[in-house]
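Asks: Dropping a prediction and its sequence here:
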Amino acid sequence: MKGFARSETRFSLCGLNCSLCSMNLGGYCPGCGGGAGNQSCAIAKCSLEHGGVQFCWECPEYPCSCYEGFDDGDSFVPHRNRQQNIARAREVGLEAYLAQLEEKRLILGELLTHYNDGRRKTLFNTAVYLLPLEDLQSVMAALGSQPELEDQPIKERALAAVGLLQKAADRRCISLKLIRKTKKG
């Protein structure tokens with residue numbers, strides 16, 4: 001969007017974790033306000049109309065009507081945690097939150113490099129996006145404590161990782177399936 005720029009592109013102004021997004025990781029999007037890429041965003045337009053706030057929580061009108069219905073469905077990343085992400089970033093501070101995002105990004109990289117059988121990218125991305133860092137660390141520790149996995153075919157390693165991630169999600173009642181928006185009729 002013309003005129004929309006931000007210095008922080010790892011965490012969007014509306015609460016999406018850009019640094020965990022497959023489009024960002026693949027080099028297809030520079031992150032929220034990072035220049036060329038997916039810039040047609042109603043919330044970016046709203047930011048410009050409200051003095052160029054860097055994060056929605058800086059706006060005196062937050063949370064506003066821009067958030068109505070936005071979390072009802074996912075795109076290629078989960079949208080359901082945006083306001084929780086904002087609350088967490090405000091609670092621990094932006095730098096600490098970004099450090100946690102970086103740890104999650106490294107875990108996602110490990111999953112994609114060592115456990116992806118070509119069919120798990122979306123599941124791994126969604127799990128890392130939605131599960132708390134401590135659950136992801138436990139999953140990675142459990143995978144690391146199974147040295148026999150290294151000698152297994154990639155499909156077996158993928159199934160082991162998926163099983164552990166699904167158990168962690170089930171304990172928290174988190175669905176690892178992207179929620180499709182219902183069509184307006």
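Replies: On my side now, so go ahead. Residues are numbered from 1 along each chain as shown.
Asks: Using the record's domain definitions, break the protein down for me.
Replies: Domain ranges of the chain: 1-92, 95-174, per automatic domain parsing.
Asks: Quick check, central residue of the protein?
Replies: Nearest to the mean C-alpha position of the chain, by Cα atoms, centre = their mean, lies Y129 at 3.7 Å.
Asks: measure it to Y115 for me?
Replies: From Y129 across to Y115, the span is 16 Å (Cβ to Cβ, to the nearest Å). C-betas here are computed from N, CA, C, even on glycine.
Asks: Using the three-state scheme, assign S12.
Replies: Following DSSP: H, G, I helix; E, B strand; the rest coil, S12 is assigned to coil.
Asks: per-residue confidence at it?
Replies: Looking at S12, its pLDDT is 89.
Asks: Check the residue nearest to the centre of the chain and give its pLDDT.
Replies: In this model, Y129 carries a pLDDT of 93.
Asks: does it sit in a helix, a strand or a coil?
Replies: Going by three-state DSSP: Y129 is helix.
Asks: Would you mind listing the residues in contact with it?
Replies: 17, 20, 77-78, 81, 104 (Cβ atoms under 8 Å, 6 or more residues apart in numbering).
Asks: Any regions of this protein where pLDDT drops low?
Replies: Low-confidence segments of the chain (pLDDT under 70): 1, 36-39, 182-185.
Asks: which residues of the chain fall in strands?
Replies: Assigned strands in the chain: none (criterion: DSSP state E).
Asks: Can you give the distance from the lengthiest helix in the chain to the centre of its chain?
Replies: Using DSSP state H, we find that the single longest helix of the chain is helix 94-114. Distance, stretch centre to chain centre, for helix 94-114: 10 Å (Cα atoms, centre = their mean, to the nearest Å).
Asks: go on, stretch 54-63?
Replies: 20 Å.
Asks: and what of stretch 119-134?
Replies: On Cα atoms, centre = their mean, the centre of stretch 119-134 falls 8 Å from the chain's centre.
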